[in-house]
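Trainee: what's the 3D shape of this:
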Amino acid sequence: MSQLSNFTFEEMHIGQTARYSKTVEEADVRMFAAVSGDVNPVHLDAEFAAGTRFGERIAHGMLTGAYISAAIAIELPGPGTIYLGQSLKFRLPVTLGDTVTVNLEITELDERKKFVTIECTVINQEEKVVATGTAQVMAPTEKLVIERPATPEVSVN
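Mentor: As a prediction, this is how the structure comes out:
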């Protein structure tokens, strides 16, 4: 089994970067709809979506936001990070089968509060920017190296 580790505030520096990639699958969109309650047919109904400006189903914008959350939680700063806020701007739709890569870069460190500001850019497999934003997090205070928890198995009908 693989491990996860984090960066404490003292270990971080402005300009530090990390990446996280995920391919958007049918199950991801269906589970996000189930968890969030967002059953907009542009996400779930191919026939409906074909008649929209996108011409096909698209993933929920906040699913892309959730991938940013995952990148922060497991890459930079990593386990023990507390999310304080996130601004997001969606630039292009993400469709099923797209592989999105979240790029994180530390742009500000608040020594007094131990807060970290992270610029977030999400690109697709064609290197096109699909979302941008800024996250503010509370850095972990304790260095951690832990076994990576298994992804929960769920099913959606």
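
Trainee: Residues contacting the top strand by length along the chain, please?
Mentor: Among all segments of the chain classified by DSSP state E, the strand with the greatest residue count is strand 99-110. When contacts are defined by C-beta atoms under 8 Å, 6 or more residues apart in numbering, strand 99-110 is touched by residues 9, 12-24, 64, 67-68, 70-72, 75-76, 94, 115-125, 130, 134-135. C-betas here are computed from N, CA, C, even on glycine.

Trainee: so the biggest helix by length in the chain versus strand 99-110, what angle?
Mentor: Ranked by residue count and defined by DSSP state H, the top helix of the chain is helix 61-74. With axes from the mean of the first three to the mean of the last three C-alpha atoms, to 10 degrees defining the directions, helix 61-74 sits at 60 degrees from strand 99-110.

Trainee: partner strands of the following helix or strand past helix 61-74, parallel or antiparallel?
Mentor: Per DSSP states H and E, helix 61-74 leads on to strand 82-90 as the next helix or strand towards the C-terminus. Each strand paired with strand 82-90, and its direction, by DSSP bridges: strand 129-138 (antiparallel).

Trainee: any idea of the mean pLDDT for the next helix or strand after the strand it pairs with?
Mentor: Following strand 129-138 in sequence order, the next helix or strand is strand 145-147 (DSSP H and E). The average pLDDT for strand 145-147 rounds to 96.

Trainee: now for strand 145-147, which elements pack on it?
Mentor: For strand 145-147, the elements it packs on are strand 3-5, judged by 3 or more C-beta pairs under 8 Å, 6 or more residues apart in numbering; DSSP states H and E.

Trainee: Could you figure out how far the next helix-or-strand element following the strand it packs on is turned away from strand 99-110?
Mentor: Next helix or strand after strand 3-5 toward the C-terminus (DSSP H and E): strand 17-23. Orientation check (the same axes, to 10 degrees): strand 17-23 against strand 99-110 gives 150 degrees.

Trainee: For the protein, give me the ranges with low pLDDT.
Mentor: Across the chain, the ranges flagged by pLDDT under 70 are 1.
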